[in-house]
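>>> what would the 3D arrangement of this be:
(chains A, B, C and D)
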Number of protein chains: 4
Amino acid sequence: MNALRIVVWNENIHESRGDEVVRRHYPDGIHTVIADGLRAELGADAQVSTATLAEPEHGLTETVLADTDVLLWWGHIGHDQVDDAVVDRVHRHVLAGMGIVVLHSGHYSKIFKRLLGTTASLKWRNARERELIWTVAPGHPIADGVPNPVIIPEQEMYGEFFDIPTPDELIFISSFAGGEVFRGGITYRRGLGKLFYFSPGDQEYPVYHHPDIRRILRNGVRWVAPSGPRFDLTAEPHPTGWFE
Amino acid sequence: MNALRIVVWNENIHESRGDEVVRRHYPDGIHTVIADGLRAELGADAQVSTATLAEPEHGLTETVLADTDVLLWWGHIGHDQVDDAVVDRVHRHVLAGMGIVVLHSGHYSKIFKRLLGTTASLKWRNARERELIWTVAPGHPIADGVPNPVIIPEQEMYGEFFDIPTPDELIFISSFAGGEVFRGGITYRRGLGKLFYFSPGDQEYPVYHHPDIRRILRNGVRWVAPSGPRFDLTAEPHPTGWFE
Amino acid sequence: MNALRIVVWNENIHESRGDEVVRRHYPDGIHTVIADGLRAELGADAQVSTATLAEPEHGLTETVLADTDVLLWWGHIGHDQVDDAVVDRVHRHVLAGMGIVVLHSGHYSKIFKRLLGTTASLKWRNARERELIWTVAPGHPIADGVPNPVIIPEQEMYGEFFDIPTPDELIFISSFAGGEVFRGGITYRRGLGKLFYFSPGDQEYPVYHHPDIRRILRNGVRWVAPSGPRFDLTAEPHPTGWFE
Amino acid sequence: MNALRIVVWNENIHESRGDEVVRRHYPDGIHTVIADGLRAELGADAQVSTATLAEPEHGLTETVLADTDVLLWWGHIGHDQVDDAVVDRVHRHVLAGMGIVVLHSGHYSKIFKRLLGTTASLKWRNARERELIWTVAPGHPIADGVPNPVIIPEQEMYGEFFDIPTPDELIFISSFAGGEVFRGGITYRRGLGKLFYFSPGDQEYPVYHHPDIRRILRNGVRWVAPSGPRFDLTAEPHPTGWFE
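Model prediction:
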């Protein structure tokens, strides 16, 4: 098997403007910590690179995407700055087979809403409260080797109702100290591509350093990786017996 | 539309042996409180009766079931005392179109496990802790008019992993003060019949007096009610063009 | 219960430009035949009106949509002529609770692709061949009273792979004389709204005069009808204990 | 990765009593052809053995099952001869994580009905007619490398309504020359185990020699293979904070 070609995308706004609380945990950007985690977990099975909003075409040119098996997406306050043409391009590649992992506040990104068709709205609160991640699909590859529950000492709260389509697979449900729950680990198939959304991971907390979270991201990347060739789906006439 | 013919079944063991804490909330049995709630909610739309374990054939004769649109099932410590022949009969009627609502500890009943095929195991703790019921399918008829969240001041805890098949529809997720979560409001289709499982409702707490719980049971009964005639599904040979 | 307020939308291009084969079955437009069918099936339970592409704002102003419980959508060769602002508006109303039924070639409409996030591509052939519609969810309200199979003597073929998200519910699967199959009766929940897609109904065949098809459309309209009030879902901060 | 330990189970009644038409394609039993196919497809990745009804405990002792990753099940006219104790044992192992692939007429086996909870009834006809297998989940690993459609020149017809729970994943839909359709490639999760049902494969036709069918069985075996350790799920009390 060839090495998985992974690109970790980050808007990198909090970090580049010097938010102190963010830079404490992510001095070189959230993307570098996620990328390092994947390199450590996947070793020679993966080639991991990064891309950010500030790069030309946000670092997601046609050439880059054509050579990407799995794209991870972290965004928060810069969703509106993402060029629609780039969103169109990512969308097309996912439908043609590229895997995508959308992280945390990426629920409000253009690409997530484009793929799902809903508002992706939710309830939230930033109160340094404990999040517990419960596995409800223990036989699923994304839950492989993951403790039940995973304990995150401090996190932002994301709560229901989360306006998403019924997930194809519901793998993790989070609870928060304040009592809210959240469908925080979910999968979808779209076209020939697969999507994994995973909610833990706010910029103010060291979530992406957590070994269980790294394990989940590793599993998620593997699960969304394409199992066949990439091609565009089109509507075409087919004469009777075309398959014979 | 004819009135829904509803039967509330209860093993009625805690109550009949005089458990004090149970009799405080359910002096005439859990089934009578549930039945009264449905009568109050549904009025002339329903004819509600009850049946218990101690009756001949547990009150669930062929005649009774043939005249029942929706059966509610509450059991706890008497699951093993339920006759397999009665379970077979209920199973057959559900597959032929009768609706069934399984309540709380009924997750371990023979009929629930027969319909689902899994162990139905879960984590539990009886510690008088707050349960919050979160709606994750707000457009579903079973959630109609239900506050989000429903607050139950004291309840037994049921926690994941709950060993059930992937629900056809996940409507409610509960969280508990201790941090656990539970897929406590779920639906399944089996044969021509429909199943709604709803977890809140331990014998030691006045849950079935709670107006929001009564509303949910009303909605659930309506949802599982059959929409067509009842008949057994069989495997039969069909010559080419039999449908022309 | 108040009467359902239904709007049947049709691009009405084939009809208004005088395509002979279309005008034979639909002299006053496909929308009028569908609307008449719904009036006949639903009687006093419904108020049915129509709207077309040529009207200002395609007849789908904010006022009209705010007063619509269920919108039916038929389009084919004019998808690109539908104003994006109107698509945005319909999208918002569906997510806020309005029901929508998308018909036949409407699979390629902007609103269908917006709600689902995929290409909606498929295989097709117009060869006057028999379509059989098989019910695979016989207990579902949309299948109520529908023969299994429904026989349509002549139809356009729509075949798999149909690029759609996994349906929430798969109700009908069609087969065609040429051997293709199609997931032609499917439902989705999006936000607070519900969607039913139903594939039979090409402009060249009298499908919407077929009594079984009328029955299915009636059932579908009822199923997507909202069960609660309409409102926009938004993301908002919630302090700890906001629900107490 | 260790080699997958696979057991192909066959009632082996048609073959052992000398049915001519069966022995023509399967002189040493259907199980040997399936096993040979898996060996050819999986090579060193698998250790494939067989077991049959006539063996003590049908060849499925506790020791055998404890050492089995994936069990394939072919049965037809001997379902009633399968010992309930063996069915209980297989059921327990599947819920604890063992994968299972149920084939063709195995839809009526005790283990299939036990795992699914429905009658598994269907329509059928043995008329040597063409079956086309259409992929409706092209990104799924079970569809990897499978032509769309697969063409089987002659087969028994299995038709809807197939009385099964809503599949977790619908991968293949078959059509038959007579016009029927069938959900013939489906998956379910049960406990920690995974189930793949695949309908093509009657004893009178050389289906298990077909290269595309062999590919599908290979993919299915890999998909149901466990991804974690095997253990029994039980209901146990958990004190507050047990996970800290």
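>>> my guess is A:N219 contacts A:V146, does it?
Yes - counting by C-beta atoms under 8 Å, A:N219 touches A:V146, with 7.4 Å between them. C-beta: built from backbone N, CA, C; applies to glycine.
>>> shared neighbours, those two?
Contact criterion C-beta atoms under 8 Å, 6 or more residues apart in numbering or on different chains; no residue bridges A:N219 and A:V146 by contacting each.
>>> what pairs with the biggest strand by length in chain A, and is each one parallel or antiparallel?
What stands out as the longest strand in chain A, according to DSSP state E, is strand A:123-135. According to DSSP bridges, strand A:123-135 forms sheet pairs with strand A:150-159 (antiparallel), strand A:169-176 (antiparallel), strand C:236-237 (parallel).
>>> for the second one, which positions count as buried?
Of the residues in strand A:169-176, those buried under the neighbour-count criterion (16 or more other C-beta atoms under 10 Å in any protein chain shown) are A:E169, A:L170, A:I171, A:F172, A:I173, A:S174, A:S175, A:F176.
>>> do the longest one as well
The neighbour-count check on strand A:150-159 (16+ other C-beta under 10 Å) flags A:V150, A:I152, A:Q155, A:E156, A:M157, A:Y158, A:G159 as buried.
>>> go through these and say which is closest to B:H209.
Distance ranking of those against B:H209, using C-beta to C-beta, places A:G159 first at 27.6 Å.
>>> show me what that closest one bridges to in the sheet.
Using DSSP bridges, the beta-bridge partners of A:G159 come out as A:K123.
>>> before we move on, the earlier item: closest one to chain B out of the buried residues of strand A:150-159, please.
Comparing the buried residues of strand A:150-159 against chain B with C-beta to the nearest C-beta picks out A:G159 as the nearest, at 7.9 Å.
>>> surely that closest one is in contact with A:F182?
Yes - counting by C-beta under 8 Å, A:F182 is a contact partner of A:G159 at 5.6 Å.
>>> pull up the overlap in contacts between these two.
With C-beta under 8 Å, 6+ apart as the test, A:G159 and A:F182 both reach A:L122, A:F176.
>>> make sure A:L72 is indeed in a strand.
Yes - the secondary structure assignment for A:L72 places it in a strand, going by DSSP: H, G, I helix; E, B strand; the rest coil.
>>> and it, what does it touch?
Residues in contact with A:L72, defined by C-beta under 8 Å, 6+ apart, are A:I6, A:V7, A:V8, A:W9, A:I34, A:I100, A:V101, A:V102, A:L103, A:L217, A:V221.
>>> need the pLDDT of it.
The per-residue pLDDT reported for A:L72 equals 98.
>>> A:S121 contacts A:D163, doesn't it?
Yes - between A:S121 and A:D163 there is a contact under C-beta under 8 Å: 4.7 Å.
>>> any idea how far A:W9 is from D:R5?
Taking C-beta to C-beta, to the nearest Å as the measure, A:W9 and D:R5 are separated by 41 Å.
>>> number of nearby residues for A:A40?
A:A40 has 12 neighbours, counted by other C-beta atoms under 10 Å in any protein chain shown.
>>> find the nearest non-adjacent residue to it, please.
If the residues on either side of it in the chain are set aside, A:A40 comes closest to A:R214, at 7.2 Å by C-beta to C-beta, 6 or more residues apart in numbering or on different chains.
>>> distance check, that neighbour against C:G145.
For A:R214 relative to C:G145 (C-beta to C-beta), the value is 54 Å.
>>> the two - which one has more neighbours?
Of the pair A:R214 and C:G145, A:R214 is the one with more neighbours under other C-beta under 10 Å, namely 19 against 12.
>>> before we move on, back to that, counting neighbours, which of the contacts of A:L72 comes out on top?
Ranking these using other C-beta under 10 Å puts A:W9 first, with 31 neighbours.
>>> which neighbouring elements make contact with the one helix or strand that residue maps to?
Under the assignment given by DSSP states H and E, the secondary-structure element containing A:W9 is strand A:4-10. Judged by 3 or more C-beta pairs under 8 Å, 6 or more residues apart in numbering or on different chains; DSSP states H and E, the packing partners of strand A:4-10 are helix A:30-42, strand A:46-52, strand A:70-74, helix A:211-224.
>>> alongside chain B, which residues does chain A contribute?
Within chain A, the positions lying close to chain B (C-beta under 8 Å from any C-beta of the partner chain) are A:130, A:132, A:134-138, A:148-149, A:159-162, A:166, A:169-170, A:173-175, A:177, A:179-181, A:183.
>>> repeat the analysis, applying 6 Å as the threshold.
Counting by C-beta under 6 Å from any C-beta of the partner chain, the residues of chain A lying close to chain B are A:L132, A:W134, A:V136, A:P138, A:E160, A:F161, A:I173, A:S175, A:G179, A:V181.
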